[in-house]
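K.L.:
give me a 3D structure for the following:
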Amino acid sequence: MKLRNLALNFAMTVASLVVGASTSLSATTVDFTAKLEGGKKIWAPAEVKVEPGKEVTLKVTNTLTEPHGFEIAGHVQPQVIGAGETKTYKITPKTDGSLKVSCHLHPAHVPATIKVEKKK
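P.N.:
Okay, the predicted model is just below:
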């Protein structure tokens, strides 16, 4: 039964990442992907949740055919991720709140959100 629950939890986590839903509070590694969805350039997943004071590794991949910007104000200075490129960053949010993940090169692109909140 434990193995079945573990497999189900894993499948649900993978599914949430694929559709751009929230990941769990215990996430320490987050995969962000710049991609085209419904004719719009987005960061996916659209939202992730992390705990304050815990280091988070951000693996950022650009699947688009042109460079894409990546920025998290106060945590990651504006970066350029080349087409097909992956870069890794580490952040440690200190307090509860929301961090906007955006493309400084193309402000009209749909941003993502990192919600920082204590585990309940």
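
K.L.:
so what's the residue sitting nearest the centre point of the chain up against?
P.N.:
Centroid-nearest residue in the chain, with CA atoms, centre = their mean: residue 32, separated by 3.9 Å. Neighbouring residues of residue 32 by CB atoms under 8 Å, 6 or more residues apart in numbering: 43, 44, 45, 58, 59, 60, 61, 70, 101, 112. Every residue, glycine included, has its C-beta placed from N, CA and C.

K.L.:
if you set the cut-off to 6 Å instead, what comes out?
P.N.:
43, 60 (CB atoms under 6 Å, 6 or more residues apart in numbering).

K.L.:
assumed residue 33 was part of a helix.
P.N.:
No - counting by DSSP: H, G, I helix; E, B strand; the rest coil, residue 33 is not part of a helix but strand.

K.L.:
what's the distance between it and residue 54?
P.N.:
22 Å (CB to CB, to the nearest Å).

K.L.:
more crowded one of these two?
P.N.:
Using other CB atoms under 10 Å as the criterion, residue 33 and residue 54 rank with residue 33 on top: 20 against 15.

K.L.:
thought the more buried one was touching residue 61?
P.N.:
Yes - counting by CB atoms under 6 Å, residue 33 touches residue 61, with 4.9 Å between them.

K.L.:
so what's residue 97 up against?
P.N.:
Shown in contact with residue 97 (CB under 6 Å, 6+ apart): residue 116.

K.L.:
that one bridge partners, please.
P.N.:
Note on residue 97: beta-bridge partners residue 116, judged by DSSP bridges.

K.L.:
returning to that earlier point: what's opposite the residue nearest to the centre of the chain in the beta bridge?
P.N.:
Going by DSSP bridges, residue 32 forms beta bridges with residue 60.

K.L.:
shaky segments in this protein?
P.N.:
Residues of the chain that meet the criterion pLDDT under 70 lie in 1-27.
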